[in-house]
Each structure stands twice: as structure tokens, then as C-alpha cells.
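In: got a predicted model here, sequence first, then my questions.
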Amino acid sequence: MMLIDTHCHLYLSKYDYDLKEVVDRAMMSGVKKIFLPAIDSETHERLLKLADKQLTAPNGTAISKADFEILPTMGVHPCSIKENFEEELAIAHAHLTSGRKFYAVGEIGLDYYWDVTHKEQQIRALERQIEWSIEMNLPIVIHSRNSTADCIHVLRQYEGRAKGIFHCFSGSVDEAREITQLGFYLGIGGVITYKTSDLKDVIAKIGLKNIVLETDAPYLTPLPHRGKRNEPSYIKLVCAAIAQSLNKDMDRVAQITSENALTVFQMNS
Ligand SMILES: [Zn+2]
Ligand SMILES: [Zn+2]
């Protein structure tokens with residue numbers, strides 16, 4: 001089984017003391033690729049360091065990229081858009097144009113849950129970063145919280161040019177259809193395992209065509225581990241919940257969502 005975690009903050013300090021074990025468990029669970037979404041300049045260096053890390057298999061032998069790899073994206077998270085957002089954008093842009101390979105511009109978006117003080121700046125930063133992605137021919141990873149209508153409104157301006165993943169999707173069937181009609185994939189994570197979530201019904205209605213899997217680790221831990229730190233090996237719990245809602249087997253869900261992930265990150269050749 002090949003699983004791809006399209007969204008995992010494995011570079012955060014929560015994994016400092018047991019990163020090797022966490023990565024081993026991911027490999028043993030069938031995870032072949034982990035994409036690292038960026039947050040801001042406080043953690044960009046940690047992200048790049050992890051992406052450059054020489055990894056070994058659980059038995060200590062060297063591993064090839066076909067077996068397992070950790071891949072960087074770059075951007076400024078909406079919660080990090082403050083007064084100094086121009087500086088943050090300049091730093092992310094410098095990384096994106098440094099010659100190093102990045103797989104997406106992300107995570108970028110709008111977050112009205114924590115703070116709406118810099119709403120205007122968030123929108124401007126989102127538009128600017130979408131424009132970079134179009135210039136660089138990269139997908140985007142969208143973070144949206146209490147802001148789906150505004151995010152969709154911004155994406156409409158770039159219809160047919162911007163593409164990517166609407167990460168941690170937890171909206172309605174109508175929103176799912178609107179987003180996928182814009183050519184976007186929906187990142188589905190641990191929320192689907194929560195009893196109060198409608199996501200299973202949404203997936204049952206829209207199918208797998210535009211679905212990719214993610215953990216958003218260390219956040220949004222799926223059941224039965226909710227309340228503890230999330231990790232990429234738990235992606236199989238997300239896969240199982242989707243399989244259950246569609247009455248399909250897990251292998252099939254893993255295969256289709258992994259193909260979708262390779263497509264959106266332009267790694268299908
Ligand atoms: Zn996010
Ligand atoms: Zn994230």
C-alpha cells in the first residue's frame with residue numbers, strides 16, 4: 001500500500017526527541033512521501049533542514065527516494081500575516097527563487113478564526129502568493145478557516161490558472177463541489193474520524209476523484225488517538241475512515257488518493 005501525507009509539519013519541535021521513531025512508523029505504515037507545508041520565517045530553516053536530512057530505513061539501511069521522501073513547500077501561513085507581512089513574503093520569495101526545488105507554494109490562505117485584525121493583509125498576501133505560483137508553475141496549498149467564502153472568491157479571480165489543494169477541508173457538499181470545479185483537490189485529514197463531522201457524508205457524495213490524504217500533524221489527531229500528538233503513520237486511520245464511508249477497500253483508497261497527490265504535485269510522468 002502506498003500512502004502519501006500531503007500535509008505534515010514534521011519539522012516542528014514536537015518531534016525533536018523522537019523523529020527517527022516517528023519516521024520509522026510512517027514507513028512501516030506504507031507512507032512513501034510526506035509534504036512539508038511552510039508556516040513562516042521562524043520555522044523555514046527547520047523545514048529545509050528536515051527536507052535535506054539523510055534518512056535511513058527502520059533497519060538502519062539507506063533508503064531510496066522511491067521508497068520514502070520528505071518534500072518541501074514554501075509560503076507564508078495566514079496566521080503569520082501581521083504588520084511585517086511584506087518582510088515575511090520577501091523571505092519566502094527568496095527561498096522560492098533560490099534554485100532549490102519546492103513542490104508547492106504553501107501553506108497560504110485566510111484564517112479568520114484566531115484573528116481578523118489583518119484581514120486585508122491576509123487577502124493581499126494570498127493574492128501575491130497565488131501570483132507567484134502561477135509564475136513558477138507550482139500548485140498552491142490553501143489553508144482556510146472560517147473564511148471559505150472569501151477563499152473561494154479569491155480563487156475565482158485565478159480560475160484556470162491557479163491549482164492545488166484546499167487543505168483540511170471540512171465544509172459542505174456544495175463547497176466541496178465549488179472548490180473541485182475550480183480544479184482544486186480537497187485535503188482530508190483526521191477530522192473525518194470525529195463523530196460530529198459530516199465529512200463522511202460529503203465524501204460519499206463527491207467520491208475520490210479530487211481527494212488527497214493529509215494528517216496536518218502534529219494537529220488534528222484522528223480517533224482513537226485524539227487529544228495526543230498526531231503523526232504521519234496515522235494517515236492510515238484517515239484512509240480507513242474514507243474507505244468505510246465509500247464502502248471501498250483501503251488499498252483502493254490509498255491508490256487513488258496517492259495518484260491524485262502525485263498529479264497535483266506534478267510528479268506523475
Ligand atoms: Zn493549515
Ligand atoms: Zn498545516
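Out: Happy to help now that I have it. Ligands and ions are numbered 1, 2, ... in the order given.
In: tell me the SS of the residue of the stretch 51-200 of the chain found nearest ligand 1?
Out: Using CB to the ion, the closest approach of the stretch 51-200 of the chain to ligand 1 is made by His143 at 3.4 Å. For every residue, glycine as well, the C-beta is placed using N, CA and C. Look at His143: counting by DSSP: H, G, I helix; E, B strand; the rest coil, its state is strand.
In: where does the stretch 151-269 of the chain come near ligand 2, residue by residue?
Out: Residues of the stretch 151-269 of the chain lying close to ligand 2 by CB under 5 Å from the ion are Asp216.
In: can you pull out the low-pLDDT segments for the stretch 151-269 of the chain?
Out: Across the stretch 151-269 of the chain, the ranges flagged by pLDDT under 70 are 269.
In: could you redo the last one with a cut-off of 90?
Out: The stretch 151-269 of the chain contains residues with pLDDT under 90 at 268-269.
In: do a quick rundown of the helices in it.
Out: Using DSSP state H, counting those that start in this stretch, the helices of the stretch 151-269 of the chain run over residues 173-181, 199-206, 235-246, 250-264.
In: got the residues of this structure near ligand 1?
Out: Residues of the chain found near ligand 1 (CB under 5 Å from the ion) are Glu107, His143.
In: please work out the average pLDDT along the longest helix along the chain.
Out: Ranked by residue count and defined by DSSP state H, the top helix of the chain is helix 119-136. Regarding helix 119-136, the rounded mean pLDDT is 97.
In: just the CA trace of it, in CSV.
Out: Extracted C-alpha coordinates of helix 119-136, given in CSV (Å, rounded to 0.1, in the frame of the first residue of the first chain):
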residue,chain,number,x,y,z
LYS,A,119,-7.8,40.5,7.1
GLU,A,120,-6.9,42.9,4.3
GLN,A,121,-3.3,42.0,4.6
GLN,A,122,-4.2,38.3,4.6
ILE,A,123,-6.1,38.7,1.3
ARG,A,124,-3.2,40.7,-0.3
ALA,A,125,-0.6,38.1,0.8
LEU,A,126,-2.8,35.3,-0.5
GLU,A,127,-3.2,37.0,-3.9
ARG,A,128,0.5,37.8,-4.1
GLN,A,129,1.5,34.2,-3.3
ILE,A,130,-1.0,32.8,-5.8
GLU,A,131,0.6,35.0,-8.4
TRP,A,132,4.0,33.6,-7.6
SER,A,133,2.6,30.0,-8.0
ILE,A,134,1.3,30.9,-11.5
GLU,A,135,4.6,32.4,-12.5
MET,A,136,6.6,29.4,-11.1
